[in-house]
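> Need coordinates for the following:
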Amino acid sequence: MLLLHGLGGLVARSTAVVTPARGARDPMNTDSRLAGWGVPVVTLAALGHNAHVESPDRCLTLLPSGG
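So this is what the prediction gives:
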């Protein structure tokens, strides 16, 4: 839990746009836990904890254009 709390602090202090994303089948990171960071959370249907490995193309769509 300390790690998630620490990351929430980093998100709060970030000057960049932060979009937490999780796979819907990820038991380690829940929507409610990530919502505590105070920014909108994206849940990717049918993916697990390693969404970036399972579907890199879907994860790439979360990046801002031109970034």
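
> Just give the closest residue to T19, not the sequence neighbours.
Spatial nearest neighbour of T19, excluding adjacent residues (C-beta to C-beta, 6 or more residues apart in numbering): L62 at 5.4 Å. In this view, the C-beta of every residue, glycine as well, is placed from N, C-alpha and C.

> what about the one you found, is that helix, strand or coil?
coil (DSSP: H, G, I helix; E, B strand; the rest coil).

> Where do the helices of the chain begin and end?
Counting by DSSP state H, the chain has helices at residues 2-13, 31-35, 51-54, 56-60.

> tell me the most buried of these?
Burial of those is given as mean neighbour count (mean count of other C-beta atoms under 10 Å); helix 51-54 ranks first at a mean of 16.

> for it, packing partners?
Using 3 or more C-beta pairs under 8 Å, 6 or more residues apart in numbering; DSSP states H and E, the elements in contact with helix 51-54 are strand 21-23, helix 56-60.
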